[in-house]
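[1] Take a look and give me a structure for this.
(one chain, ligands or ions: 1)
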Amino acid sequence: MSEQVFEATIAKDQRIEPRDWMPEGYRKTMIRQIAQHAHSEIIGMQPEGAWITRAPSLRRKAILLAKVQDEAGHGLYLYSAAETLGADRGDLTRRLIEGRQKYSSIFNYPTLTFADVGVIGWLVDGAAICNQVPLCRSSFGPYARAMIRICKEESFHQRQGYELLMTMMRGTPAQREMVQDAVNRWWWPSLMMFGPPDAESPNTAQSMAWKIKRHTNDELRQRFVDMSVPQAEALGVTLPDGDLRWNAEREHYDFGEIDWSELKRVISGDGPMNKERIANRRRADEEGAWVREAAAAHAAKRQGAPA
Ligand code: ACO
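    Okay, the predicted model is just below:
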């Protein structure tokens with residue numbers, strides 16, 4: 001009976017809520033995806049956070065500070081969504097630190113210049129929006145609702161990145177070179193964010209059937225390429241792909257072969273910054289332990305206190 005209700009809810013495009021019956025596989029998939037997403041937001045604070053103290057002006061510092069704080073907010077929001085499924089936040093963090101849960105490959109690349117901050121906004125947040133707007137219609141209610149707010153903020157982040165790059169492109173030849181160099185380094189990793197090709201994506205078919213995912217990895221990657229080419233032209237940068245050209249028959253841009261061995265390497269922990277990212281996360285967790293203990297003791301005391 002419960003299974004029939006679940007299937008009917010999915011078929012009618014309605015939402016599954018935390019107290020509804022759901023197959024164990026659905027619960028596990030949702031916890032996996034939401035946790036991976038939350039970890040990405042929290043680890044994703046590091047590459048840009050590294051530039052807060054080195055931002056070129058007070059205005060840029062204030063913008064960057066606010067953006068990195070937004071990412072923390074997204075992470076906490078998503079951990080709350082995972083908790084509605086019975087997951088424990090501390091346990092999820094331990095799994096991340098011990099390498100038992102993943103986070104997005106993209107955050108394992110270094111940010112070498114301030115142009116990287118702009119390119120992360122433009123390309124990385126652009127790719128995140130492409131992937132996450134359809135998730136606003138994901139079948140699990142708390143995740144879909146979280147995505148609405150997160151996408152609004154991500155759109156704002158993308159614009160600030162593009163505006164930063166526009167400003168640099170109007171600057172000196174050295175600044176323009178810096179932007180091009182950052183684009184060269186981030187373009188291919190941004191395409192990898194969408195995950196392995198459909199033929200090698202073990203989770204897509206089931207996640208599509210459960211309406212967790214609304215599009216395949218390759219569909220969203222193509223959408224991102226189509227969206228980015230005119231933006232690159234407007235900016236005056238060259239995307240580092242000699243095979244990139246409009247295909248009138250397909251009405252999409254063709255693009256070159258992605259180095260999938262690089263994605264595999266980065267996901268398995270061997271990217272340029274994996275060790276540093278996890279070491280920082282571990283340190284933050286250890287150094288924050290006393291705050292969590294104090295907050296829990298305070299809450300317990302208040303509960304025990306007379307009204
Ligand atoms: N980085 C790290 N791991 C990845 C990536 C990536 N770019 N792409 C795929 N994977 C992992 C998957 O998590 C899965 O691992 P698991 O089964 O051990 O958990 C494996 O590779 C195979 O991939 P898929 O079968 O394609 O997995 P899935 O159906 O979950 O699709 C995707 C992957 C598209 C990332 C999906 O999980 C998703 O849409 N997640 C929500 C968005 C998100 O997490 N964004 C984070 C970055 S954006 C940001 O924070 C700014």
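[2] which SS class is Leu239?
    Three-state assignment for Leu239 (DSSP: H, G, I helix; E, B strand; the rest coil): coil.
[3] Quick check: residues of the stretch 51-200 of the chain near the ligand?
    Within the stretch 51-200 of the chain, the residues that sit near the ligand (C-beta under 6 Å from any ligand atom) are Lys102, Ser104, Ser105, Ala128, Asn131, Gln132, Met192, Met193, Phe194, Gly195, Pro196. Backbone N, C-alpha and C define where each C-beta goes, glycine included.
[4] Surely the last one touches Thr216?
    What that stands for is Pro196. No. If you go by C-beta atoms under 8 Å, Pro196 and Thr216 don't touch, sitting 10.6 Å apart.
[5] so who does Ser2 touch?
    By C-beta atoms under 8 Å, 6 or more residues apart in numbering, the contact set of Ser2 is Trp21.
[6] element containing the residue nearest to Asn280 when sequence neighbours are not counted?
    Setting aside the residues directly before and after it, Asn280 is nearest to Gln46 in space (C-beta to C-beta, 6 or more residues apart in numbering), at 5.9 Å. Remark: Gln46 resides in helix 45-49, with elements defined by DSSP states H and E.
[7] Could you check the helix or strand just after that helix and say which residues are buried?
    Once the chain leaves helix 45-49, the next helix or strand it forms, by DSSP H and E, is helix 58-83. Using 16 or more other C-beta atoms under 10 Å as the test for burial, helix 58-83 gives 60, 63-64, 67-68, 70-71, 74-75, 77-79, 81-83.
[8] Summarise which helices and strands helix 58-83 is packed against.
    The helices and strands touching helix 58-83, judged by 3 or more C-beta pairs under 8 Å, 6 or more residues apart in numbering; DSSP states H and E, are helix 24-43, helix 45-49, helix 89-97, helix 141-169.
[9] I'd like the ones you listed as a markdown table, with distance to Glu257 appended.
    A markdown table is the format used below for the helices and strands packed on helix 58-83 (distance: least, C-beta to C-beta, whole Å):
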| stretch | distance to Glu257 |
| --- | --- |
| helix 24-43 | 25 |
| helix 45-49 | 26 |
| helix 89-97 | 31 |
| helix 141-169 | 27 |
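[10] That concludes my questions; thank you for your assistance.
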